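Novice: need a structure here:
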Amino acid sequence: MMSNLFSIFDPSTNLMNMSLNWISTMLGILFIPYSFWLIPNRHYYFWNFILQKLHNEFKTLLKNNYFQGSTFIFISMFSFILFNNFLGLFPYIFTSTSHLTLSLSISLPLWMSFMIYGWINNSQHMFIHMIPQGTPPILMPFMVLIETISNIIRPGTLAVRLTANMIAGHLLMTLLSGTGPNMNHYMIMMLILIQVLLLILESAVAIIQSYVIAILSTLYSSEVN
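Specialist: From the prediction side, this is the model:
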């Protein structure tokens, strides 16, 4: 039962014994309307408005670490995760962000680059950051241990947060839809209404999770300098 349930996240899409599941990460480009590439138009202005707001917020979070173009990587990551989260809401499309393979591949190199840059260029600040201001001397070894562990698990928490949130909603919708054949007409109407509400909730989760990943990555980068 459980293997059948979780198989929705790993469909057997192949061509000549070559897996095509991960090609879905590029399908977002096909969903962009043709009019988006014509300037000016409403799609362009709407998306540019969102990116400008994100740029201003990331610029504020980076504070003194901001330089021209430094927010581009976080905006690109937000857009990539947002597209893939939304693609997972369409039927028969592989949800790539529900796999740790993708989410950890995004968070781990980003975190590693921050750590390498911080320890090479500003090692004194990295040591100071391990002990919060006002910590009693007797607690300093424990604080260093706690801060070190919390720093090491950051890429894992970023990846698991995205994966777990995307899996939870899909599993709930799958479990509810599996009960449909055993219901009468009135209950099926109620089930459809619940599924629509869950789909709206999952759309909000897709936006929120991509925003949270981008914000946390920005905050982690601002701590290394």
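
Novice: drop to CA atoms for contacts and neighbour counts, all remaining ones
Specialist: Fine.

Novice: show me where pLDDT drops low in this structure?
Specialist: The chain contains residues with pLDDT under 70 at 1-20, 65-66, 225.

Novice: That one: helices as residue ranges?
Specialist: Using DSSP state H, the helices of the chain run over residues 2-6, 42-62, 72-87, 100-121, 123-129, 140-152, 154-178, 185-222.

Novice: now these as JSON lines including mean neighbour count and distance to S35?
Specialist: As requested, the helices of the chain are exported to JSON lines (neighbours: other CA atoms under 10 Å; distance: least, CA to CA, whole Å):
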{"stretch": "helix 2-6", "mean neighbour count": "9", "distance to S35": "38"}
{"stretch": "helix 42-62", "mean neighbour count": "15", "distance to S35": "7"}
{"stretch": "helix 72-87", "mean neighbour count": "19", "distance to S35": "18"}
{"stretch": "helix 100-121", "mean neighbour count": "16", "distance to S35": "30"}
{"stretch": "helix 123-129", "mean neighbour count": "14", "distance to S35": "48"}
{"stretch": "helix 140-152", "mean neighbour count": "14", "distance to S35": "44"}
{"stretch": "helix 154-178", "mean neighbour count": "17", "distance to S35": "30"}
{"stretch": "helix 185-222", "mean neighbour count": "16", "distance to S35": "23"}
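
Novice: which one of the ones you listed lies closest to I93?
Specialist: Counting by CA to CA, I93 lies closest to helix 72-87 out of the helices of the chain; the figure is 6.7 Å.

Novice: what helices or strands is that closest one leaning on?
Specialist: helix 42-62, helix 185-222 (3 or more CA pairs under 8 Å, 6 or more residues apart in numbering; DSSP states H and E).

Novice: Which one of those lies nearest to L87?
Specialist: helix 185-222 (9.6 Å).

Novice: what packs against that closest one?
Specialist: helix 42-62, helix 72-87, helix 100-121, helix 154-178.

Novice: Which of those helices sits closest to Y220?
Specialist: helix 100-121 (7.6 Å).

Novice: Surely S103 is in contact with L162?
Specialist: Yes. Applying CA atoms under 8 Å, one finds S103 in contact with L162, separated by 7.0 Å.

Novice: so what's in contact with the two at the same time?
Specialist: Taking CA atoms under 8 Å, 6 or more residues apart in numbering as the criterion, S103 and L162 both touch T97.

Novice: Would you agree I81 is in contact with S98?
Specialist: No. I81 is beyond contact range of S98, at 10.7 Å (criterion: CA under 8 Å).

Novice: can I get the helices and strands packed on helix 185-222 in TSV with distance to I194?
Specialist: Below are the helices and strands packed on helix 185-222 laid out as TSV (distance: least, CA to CA, whole Å):
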stretch	distance to I194
helix 42-62	30
helix 72-87	19
helix 100-121	28
helix 154-178	9
